[in-house]
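*Asks:* Pasting the sequence and the predicted model now:
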Amino acid sequence: MKSKIQYEEDLFFLNLQMKGLREGLMLMIDADYFQDKLLADLRFVDATLDKIFSTLKENRNLIHRAEYLYQLVKTEGSFLELLDDVLKGTGEIREALAPYRNEFLQRRDSHDSDIHEIRSLLQLFSQEEERDDVITSEELSLLTRPDEDSEGKD
């Protein structure tokens with residue numbers, strides 16, 4: 001596995017791909033030419049989002065983890081909108097993708113669950129950050145007690 005993942009760029013690129021897919025769904029394109037491509041692209045975005053989320057869950061010590069999780073939750077939301085577009089719209093290309101409806105519904109539910117999990121992680125991160133900023137009474141007494149070396153030298 002790669003040692004450094006470019007989360008911001010990866011998520012930006014996925015958002016661009018989803019925008020292109022959404023715009024493609026609005027066109028009257030021939031399903032004979034584009035069904036396989038759209039299906040492959042939807043599956044690619046789905047799998048890539050899963051991989052990114054998995055690596056962010058595993059890397060708890062990642063410096064900008066909260067920022068990446070926030071960007072990921074927005075990207076996941078865009079993917080849900082795209083899947084809803086595929087499921088609810090009309091047109092030749094959407095009709096050609098209809099046999100995959102159950103797969104899309106399952107993936108939508110999975111990513112909706114991921115969004116809830118990411119939000120929980122962000123909430124935990126926020127709570128941990130607040131706790132790190134608070135000085136406990138033990139820390140305060142340790143910081144304010146007289147230095148032992150200076151007492152013995154007087």
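*Replies:* In hand now; what should we look at?

*Asks:* So what does Ile115 have for phi and psi?
*Replies:* Ile115 has phi and psi values of phi -60, psi -40 when expressed as degrees, to the nearest 10.

*Asks:* Do I have it right that it meets Ser78?
*Replies:* No - applying CB atoms under 8 Å as the test, Ile115 and Ser78 come out as separate, 10.9 Å apart. The C-beta positions use only the backbone N, C-alpha and C, and glycine is treated the same way.

*Asks:* Tell me the buried residues in the host helix or strand of Phe53?
*Replies:* For Phe53, the host element (DSSP states H and E) is helix 31-58. Buried residues in helix 31-58, defined by neighbour count with 16 or more other CB atoms under 10 Å: 34-35, 38-39, 41-42, 45-46, 48-49, 52-53, 56.

*Asks:* overlap in contacts of Ile115 and Ser78?
*Replies:* With CB atoms under 8 Å, 6 or more residues apart in numbering applied, the contact sets of Ile115 and Ser78 do not overlap.

*Asks:* Any idea which helix or strand in the chain has the lowest mean pLDDT?
*Replies:* Sorting the helices and strands of the chain by mean pLDDT, DSSP states H and E puts helix 148-152 at the bottom, at a mean of 53.
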